[in-house]
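Colleague: Here's a sequence, model it:
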Amino acid sequence: MADKTPASVWYNPVHFAAFGFGSGAAPVAPGTFGTLAALPLWLFIFAPLSTDAYLLTLLVSFIIGVWLCHQTSEDIGVHDHGGIVWDEFVGLWIALFAVPMHWFWILLGFALFRLFDIWKPWPIGWADRRVSGGLGIMLDDVIAGVYALVVLQCLLFIFN
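Modeller: The predicted structure follows:
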């Protein structure tokens, strides 16, 4: 059974952000809905940035995410509530770094990120089980994003 969405998501701005601006309140597959909600932000905010600005914005998003996820999980009393999806946002933004603005590569990045996030090969699963707090919530998705990024960049190198 999925964790119930706390009412605070709709009135607490920290919880609202941690829940992916409400996308994590989806009754099924909140991680997938959160990842989908991250796409428009990537298209309009991240994709147009220079490499340096992208990386800086990604770093700031990660640091803010550690705090958002920690504070929200503490407030609602559930570590890594399924609806906390800010980590999916950052993981997808990592996966899509330096990806061409073409639907195929964007869709493949989305799919690879979700695959690694769900499958949790080492060290993703290890981080998910062993690292606590906001950093723990963020870390497994960051690693999943890096895995997806590496696979995407290899495919781009081979096929472009």
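Colleague: residues near Ile63, how many?
Modeller: By other CB atoms under 10 Å, 13 other residues sit near Ile63. All C-beta atoms are positioned from the backbone trio N, CA, C, and that covers glycine.
Colleague: hmm, I was thinking of Ile124
Modeller: Number of residues near Ile124 (other CB under 10 Å) recorded here: 22.
Colleague: Could I get the buried residue list for the lowest-mean-pLDDT helix or strand in the chain?
Modeller: In the chain, the helix or strand scored least confidently by mean pLDDT, DSSP states H and E is helix 124-130, which has a mean of 90. Neighbour counts using 16 or more other CB atoms under 10 Å place Ile124, Ala127, Asp128 of helix 124-130 among the buried residues.
Colleague: Likewise for stretch 27-44?
Modeller: Judged by neighbour count (16+ other CB under 10 Å), stretch 27-44 contains these buried residues: Pro30, Gly31, Thr32, Phe33, Gly34, Thr35, Leu36, Ala37, Ala38, Leu39, Leu41, Trp42.
Colleague: Now it - C-alpha only, CSV.
Modeller: Extracted C-alpha coordinates of stretch 27-44, given in CSV (Å, rounded to 0.1, in the frame of the first residue of the first chain):
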residue,chain,number,x,y,z
PRO,A,27,-2.1,7.7,-6.3
VAL,A,28,0.0,5.3,-8.4
ALA,A,29,3.6,5.5,-9.5
PRO,A,30,4.4,8.8,-7.8
GLY,A,31,8.1,8.5,-8.8
THR,A,32,7.2,8.2,-12.5
PHE,A,33,4.7,11.1,-12.2
GLY,A,34,7.4,13.1,-10.4
THR,A,35,9.9,12.4,-13.2
LEU,A,36,7.3,13.5,-15.8
ALA,A,37,6.8,16.7,-13.9
ALA,A,38,10.5,17.4,-14.0
LEU,A,39,10.5,17.3,-17.8
PRO,A,40,8.9,20.8,-18.4
LEU,A,41,11.3,22.4,-16.0
TRP,A,42,14.2,20.7,-17.8
LEU,A,43,12.9,21.9,-21.2
PHE,A,44,12.4,25.5,-20.2
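Colleague: Thank you, goodbye.
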